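> return a 3D structure for these sequence lines:
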Amino acid sequence: MRSAVEMSHLFLRNVLHSQAVCVDATLGHGKDSQFFLDQGCRQVIAFEIQEDVLLETVQRIGDSRLEAHCQGHETMEEVLTQEVDAMIFNFGYCPHADSKIKTSWSTSLVAVQKGLQMLRKKGRMALVFYPHAQGQMEAERIESYLSTLDSQDYWVIAFHPLNQRAVPYLVGVEKRKETSC
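Numbering: from 1, shown residues only. This is a model prediction of the structure:
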C-alpha cells in the first residue's frame, strides 16, 4: 500500500505538465517540491516559516524553478500572481526540525480557502493530514469547510484506510469550473 504522500503525488500527477505552476504550501524538506520539479513543471512556489529549514532545502534542491518564501502559507496571495495547476499541503510539523512549530487550523484554513481561489479550472489540491491531537483538530476544521463546497464547483475526495485510525491520510480537491470562494 502507498503512503498518503505517495497517494497525493499520484492524485496530482494528472494535472502536471511542462508549463505547470505548482505550490508547495508546506515546503519542509522539499519532498513535494522535488516531486513537482521531477515532473518537469515550469515553476514551483513554496512556503516555509522556518528560515533554517527553507535555506537548507533550497540549497539542497538547487533548482532555479523553485521559488521559496519564508512566510506562512496563509499569505500566498502576496506572492502568487497567476493561476495554479497543483497545490499540496502536508499539515503538522517538519520531521527532523523543531516539532513545536506546527501548522495551525486557523492559518491553514485561510491558506486552503485562498488556494482554492488560485487553482485554475481542473487544477488539483492535495491535503495530507496527520493524526496527532492538533492535527486531528486541523483536519476536522478543514474537512468541515471542504464539505460545504458546491459539488458543481469542486470535487472533494478522501483516501484513508477504514481499518486504521492513527495514520496519515489524503484529501484531494479538483476545481471543476471557474469560481470565487
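
> so where's the chain shaky on pLDDT?
Residue ranges of the chain with pLDDT under 70: 1, 93-103, 105, 179-181.

> could you dump the strand ranked longest in the chain to PDB, C-alpha only?
Scanning the chain for the strand with the most residues, using DSSP state E, yields strand 119-129. Taking Å, rounded to 0.1, in the frame of the first residue of the first chain, the C-alpha atoms of strand 119-129 are listed here in PDB:
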ATOM      1  CA  LEU A 119      -6.500  27.000  -8.700                       C
ATOM      2  CA  ARG A 120      -7.200  27.000 -12.400                       C
ATOM      3  CA  LYS A 121     -10.100  25.000 -13.800                       C
ATOM      4  CA  LYS A 122      -9.200  21.300 -13.400                       C
ATOM      5  CA  GLY A 123      -6.400  22.300 -11.000                       C
ATOM      6  CA  ARG A 124      -5.900  20.000  -8.000                       C
ATOM      7  CA  MET A 125      -5.100  20.400  -4.400                       C
ATOM      8  CA  ALA A 126      -3.800  17.600  -2.200                       C
ATOM      9  CA  LEU A 127      -4.100  17.900   1.600                       C
ATOM     10  CA  VAL A 128      -2.200  15.300   3.800                       C
ATOM     11  CA  PHE A 129      -3.300  15.200   7.400                       C
END
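
> use 888 as the first number from now on
Understood, numbering begins at 888; the last thing we discussed is strand 1006-1016.

> and that strand, what's buried?
Going by neighbour count (16 or more other Cβ atoms under 10 Å), the buried part of strand 1006-1016 is Leu1006, Arg1007, Gly1010, Arg1011, Met1012, Ala1013, Leu1014, Val1015, Phe1016. From N, CA and C alone the C-beta is placed, and that goes for glycine too.

> what's the closest of the residues you listed to Leu924?
Ala1013 (16.1 Å; Cβ to Cβ).

> residue contacts, that closest one?
Ser895, His896, Phe898, Leu899, Ala973, Met974, Ile975, Phe976, Leu1057, Val1058, Gly1059, Val1060 (Cβ atoms under 8 Å, 6 or more residues apart in numbering).
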